[in-house]
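K.L.:
here is the input, now give the coordinates:
(chains A and B)
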Amino acid sequence: MGFESLRKKLVVIGNGMAAMRTVEELLKLDGALYRITVFGAEPHPNYNRIMLSCVLAGDKTVDDIVINSREWYAENGIALITGDPVVRIDRATKTVTSQSGRVEAYDQLLIATGSKPLAPPIPGLELPGVCAFRDIADVDKMLEAARTQKHAVVIGGGLLGLEAAWGLKKRGMSVALVHLMPTLMERQLDVPAGQLLQRDLDGRGIAFFTSGQTEEITGTTKAEGVRLADGRYIPADLVVLAIGIRPNIDLAKACDLQIGRGITVYDDMRTSDPDIFAVGECVEHRGQVFGLVAPLWDQAKVCATHLAGESATAFSSQALATSLKITGIDVFSAGALTAADASDDEITLRDDARGLYKKVVLRDGKLIGAVLYGDVADGHWYLQLMREKKDVSAWRERLVFGRAITEIGSNAPAGPDFSAMPDDTQICGCNGVSKGRICKTIREKNLSSLAEVRAHTKASASCGQCTSQVEGLLAFVTGGVKETKKTVCACTALSHDEVRQALVASGLKTMAAVRAALGWKTPEGCQKCRPALNYYLLCAWPGEYDDDYRSRFVNERVHANIQKDGTYSVVPRMWGGVTTAAELRAIADVADKYAIPTVKVTGGQRVDLLGVKKEDLPAVWKDLGKAGMVSGHAYAKGLRTVKTCVGSEWCRFGTQDSTGLGIKLEKMCWGSWTPHKVKLAVSGCPRNCAEATIKDLGVVCVEAGYDILVGGNGGIDVRVTDKLARVTTEEEVLEYTGAFLQMYREEAHYLERTAPWIARTGIDTVRKQLVDNPEHRRALFGRFLYSQRFSQSDPWAERVAGADAHEFTPLPALAEV
Amino acid sequence: MSSTNWLKIGTLDSIPVQGARRLCRTHLGKPVAVFRTGDDHVFALIDECPHKKGPLSEGIIAGYTVACPLHGMVIDLEDGTAVLPDEGKTETLPVSIIDGEIYLHTPEPVSGETV
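P.N.:
Numbers count the residues shown, from 1 in each chain, chains lettered A, B, ... in the order given. Alright, predicted model coming up:
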């Protein structure tokens, strides 16, 4: 205890990224120097604020973006006080006071209060339904609005505003974006790039109101709309303010620290009081304030060395790069956007057909700015040239075409020169990982794959833009060639395609034979390759290969879907979405008898019984089986549902018997194992009530026959089907469907849906095999029907009859000894 | 107040090769899973993944590892630790096979509560 009192006290105001990075750096230097207390205004542990837009867009969860858990604070002996912001600093007594009245003394104080969102001076800001986009609480508000409301207006067309707009759009809201300037992101993008960005986002359904001055947020009890100065009016249930940030200097100002726009800091990150440091978005250094993460990491490092003792390190800000986190939209910008005067040199490349735009700005033979749109692969190379202030005049003509073209003919090595790259060069901007750390980790942990480097360092694990650089570094350190091939798993050096071809060509018919013949590194394989091999063998050798249930995921092994609490869900098949009073009665009886807590109608037109105990499964199936129902394979990488509309039998618009055709398709296809799940649909007319255009295979009936559509998906990346063919009879629909499924079964990689498979191979390849070559189509169809002879037995009935009984009964304890 | 307790839980044959079964009884309120590997070794672990408490007994067993069915964390059956780079540990319980019968060794009496 006496020792504890000898340690100096460090109090940290702020629990954000800059604050905790500084603490992490300090712990690395000397973990025993300070007793550390951290105050955070938010009720959460330290999280990656940059990734909030990914949480909003649904690409990540809040848990995913936590940087340091509460356990981490405890393990490092740090007292963390969340939800209780500091309200006063008393420099005379060297204490801080929190909102709840808690007083902490400090020897050294670190202020990292971050920034506040800017608000325009307009009426209506206080209305419910108006929020900023700054923290988890804001994201929660936006997600809640996205669940229950329809219209969102985002004010501000910078990075944050655009990411907010895209996230809300992805969450299903109709989104309008108001921006004061004529083009988007005008501080990072020049006019042509800003226009391209607007065009692309417009194409994704965001409505833009540029040159729009917001005058008022209207509404009486809640936000109802946004009125612009030119009279335009946009209805809104949610208004998000994202016009910018300003340093949060309230505490520093109240205790008379020197301030400008931010808290003034010197090169050692000290404020005007030598016992008080400041880092992050709240500081002003040599007239500059900060809104991007990279300089914050540098500040943290410098600050930590000075907290740890005498140090000569000094912070200096470097050229910075910006990128936008919107999937599929690649933007990069660094330095000057345009030539400042006639002596500057501006070189532009524009390729409208490919949606590409590149511009570099040169001054005195050196690169001082780059704007890239559509292809940003060379962004970090340009940034490095800027930071090195390298003379690039010899490359003037080629520079804008990117690194590969520029370095042809010059003596520079192809690819980045990793040996010349300084260790502190930041490779991964999202997670702040430097070249030095990646190399060190690869060496220390003996890493050999991109996946391992990601797992250990988090480099390229967020947005992925730096993936090729990380791969390059891996090759640089290990001396190997850059890993480009995707293998089935770590057990083999072969790809999915190579394994499939080899097992057919060499007649390998058991998993052990495949592993032996193809040089597997592990005798039993792993949880990744075993399910894949099991499927490939099943597909290649129908009727010969015995399914290995131990190589199946739990759902396919016990023929039900495991839920997060360890219970299961049961979905009986309803052919074509048609059921009867007797079936519904049996379902109701089962729900009562086994106290099944939730009965849910699924999107695939059937009924899901959720919360069934594992031991009850066989009995539930038995009762359902008595009423004539069989497994719906809702758990399988196989045929799930055939969704239908009522068609010509009832509907006044129906052109064909879509329900009847759906039932025929389902009767033909059920029980088949496929690389991933397969969903079909049949719509009776082009109004398409069965949503056939986002299914793996959809049929849309027309007066003249049937349109067959393939490769659709309604998941995270919605993909509309490609049209395969128009046919005139139901028999042809069945033949095309069987042939298509067989082609998918034989050619796709395990766990690859039809949408990515077709995106990879191209619809033309599918058309060539199925439409242009009837003989080939019939051969595929024949193989499909042959394979179905071995797969169409109800797995539930088999288990009711006693198969795999050990699965459904726990082991009794026989006796105590 | 015996500090050891041997519990006969069945024959080796009652667990499929490369399979696992959960025990009827719990250990200190937690479910117990017994695993049989491809080479007939038997391991007992608390049937909860250190990540989100997924039932390890439902995972795919390869070598001396099991992959949790919920999110795929791989656990070493011998000492219960998560395979790197994941972190975490599940408690293991000693087991013995004597004459084809599996005995579970628990430091405290196993509670009679059913799972």
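K.L.:
name the SS class of B:H105, please.
P.N.:
strand (DSSP: H, G, I helix; E, B strand; the rest coil).
K.L.:
next, residue 96: phi, psi?
P.N.:
As the question left the chain open, I've gone with chain A. phi -120, psi 150 (degrees, to the nearest 10).
K.L.:
my bad, the chain I had in mind was chain B
P.N.:
Per-residue torsions, B:S96: phi -130, psi 150 (degrees, to the nearest 10).
K.L.:
and it, how many neighbours?
P.N.:
11 (other Cβ atoms under 10 Å in any protein chain shown). Placement of C-beta: from N, CA and C, glycine included.
K.L.:
any idea how far it lies from chain A?
P.N.:
11 Å (Cβ to the nearest Cβ, to the nearest Å).
K.L.:
nearest residue to that residue other than its sequence neighbours?
P.N.:
Closest residue to B:S96 apart from its sequence neighbours, by Cβ to Cβ, 6 or more residues apart in numbering or on different chains: B:Y103 at 4.8 Å.
K.L.:
can you name the residue of the stretch 1-150 of chain A nearest chain B?
P.N.:
A:D63 (10.0 Å; Cβ to the nearest Cβ).
K.L.:
ok, residue 67 - contacts?
P.N.:
I went with chain A, as the question did not name one. A:17, A:20, A:45-48 (Cβ atoms under 8 Å, 6 or more residues apart in numbering or on different chains).
K.L.:
can you look at chain B instead?
P.N.:
Counting by Cβ under 8 Å, 6+ apart, the residues that B:A67 touches are A:526-527, B:59-60, B:73-75.
K.L.:
can you pull up the bridge partners for the closest residue to chain A within chain B?
P.N.:
Proximity of chain B to chain A (Cβ to the nearest Cβ) peaks at B:A67, 3.5 Å away. B:A67 has the following beta-bridge partners by DSSP bridges: B:I60, B:V74.
K.L.:
returning to that earlier point: name the member of the contacts of A:I67 with the most neighbours.
P.N.:
A:N46 (27 neighbours).
K.L.:
quick one: contacts of whichever helix in chain A runs longest?
P.N.:
As assigned by DSSP state H, the longest helix anywhere in chain A is helix A:730-747. For helix A:730-747, contacts defined as Cβ under 8 Å, 6+ apart pick out A:500, A:539, A:639, A:661, A:664-665, A:668-669, A:672-675, A:678, A:680, A:696-697, A:699, A:706, A:708, A:710, A:724-725, A:727, A:754, A:757, A:761, A:766, A:769-770, A:777-778, A:780-781, A:783-785, A:787.
K.L.:
what's the closest non-adjacent residue to A:S53?
P.N.:
Closest to A:S53 by Cβ to Cβ, 6+ apart is A:E163, at 3.6 Å.
K.L.:
about what we covered before: among the contacts of helix A:730-747, name the buried ones.
P.N.:
Neighbour-count burial (16 or more other Cβ atoms under 10 Å in any protein chain shown) applied to the contacts of helix A:730-747 gives A:500, A:539, A:639, A:661, A:664-665, A:668-669, A:672-675, A:678, A:680, A:696-697, A:699, A:706, A:708, A:710, A:724-725, A:727, A:754, A:757, A:766, A:769-770, A:777, A:780-781, A:783-784, A:787.
K.L.:
where does chain B dip in pLDDT?
P.N.:
The model of chain B has pLDDT under 70 over residues B:1-4, B:107-115.
K.L.:
ok now the longest strand along chain B, how far from the chain's centre?
P.N.:
When chain B is scanned for its longest strand (criterion: DSSP state E), the result is strand B:19-27. Chain-centre distance of strand B:19-27: 7 Å, with Cα atoms, centre = their mean, to the nearest Å.
K.L.:
given the helix or strand following it, what are its sheet partners and their directions?
P.N.:
Once the chain leaves strand B:19-27, the next helix or strand it forms, by DSSP states H and E, is strand B:30-36. Pairing partners of strand B:30-36, with direction, according to DSSP bridges: strand B:19-27 (antiparallel), strand B:42-46 (antiparallel).
K.L.:
show me the contacts for the closest residue to A:R606 other than its chain neighbours.
P.N.:
Spatially, and ignoring its direct neighbours in sequence, A:R606 is nearest to A:M574 (4.2 Å; Cβ to Cβ, 6+ apart). If you count contacts by Cβ under 8 Å, 6+ apart, A:M574 has them with A:583, A:605-607, A:632.
K.L.:
look up how far chain B lies from A:M574.
P.N.:
Per Cβ to the nearest Cβ, A:M574 is found 27 Å from chain B.
K.L.:
what does the pLDDT read for that residue?
P.N.:
A:M574 is assigned a pLDDT of 96 by the prediction.
K.L.:
can you give me phi and psi for it?
P.N.:
phi -120, psi 100.
K.L.:
hang on, the residue nearest to A:S53 in a helix?
P.N.:
Yes - counting by three-state DSSP, one finds A:E163 located in a helix.
K.L.:
you'd agree it is up against A:S323?
P.N.:
No - the pair A:E163 and A:S323 fails to qualify as a contact (Cβ atoms under 8 Å) at a distance of 10.9 Å.
K.L.:
residue 35 bridge partners, please.
P.N.:
Chain wasn't specified; assuming chain A. In beta-bridge terms (that is, DSSP bridges), A:R35 pairs with A:K9.
K.L.:
try chain B instead
P.N.:
As assigned using DSSP bridges, the partners bridged with B:F35 are B:A20, B:F43.
K.L.:
that one and B:W6: what is the separation?
P.N.:
When distance is defined by Cβ to Cβ, to the nearest Å, B:F35 is 19 Å away from B:W6.
K.L.:
when the two are compared, which one has more neighbours?
P.N.:
B:F35 (25 against 17).
K.L.:
number of residues surrounding A:T338?
P.N.:
Neighbours around A:T338, by other Cβ under 10 Å: 12.
K.L.:
likewise A:A512?
P.N.:
If we define neighbours as other Cβ under 10 Å, then A:A512 has 14 of them.
K.L.:
A:E24 too?
P.N.:
A:E24 has 17 neighbouring residues, counting by other Cβ under 10 Å.
K.L.:
what helix or strand is it on?
P.N.:
Assigned by DSSP H and E, A:E24 falls in helix A:17-29.
K.L.:
list the helices and strands that helix packs on?
P.N.:
Counting contacts by 3 or more Cβ pairs under 8 Å, 6 or more residues apart in numbering or on different chains; DSSP states H and E, helix A:17-29 packs against strand A:8-13, strand A:34-40, helix A:293-308.
K.L.:
residues from chain A in reach of chain B?
P.N.:
A:445, A:452, A:455-456, A:522-527, A:530-531, A:550-555, A:557-558, A:562, A:564, A:566, A:806, A:810-817 (Cβ under 8 Å from any Cβ of the partner chain).
K.L.:
let me see the contact set for B:L23.
P.N.:
A:810-811, A:813, B:9, B:31-34, B:104, B:115.
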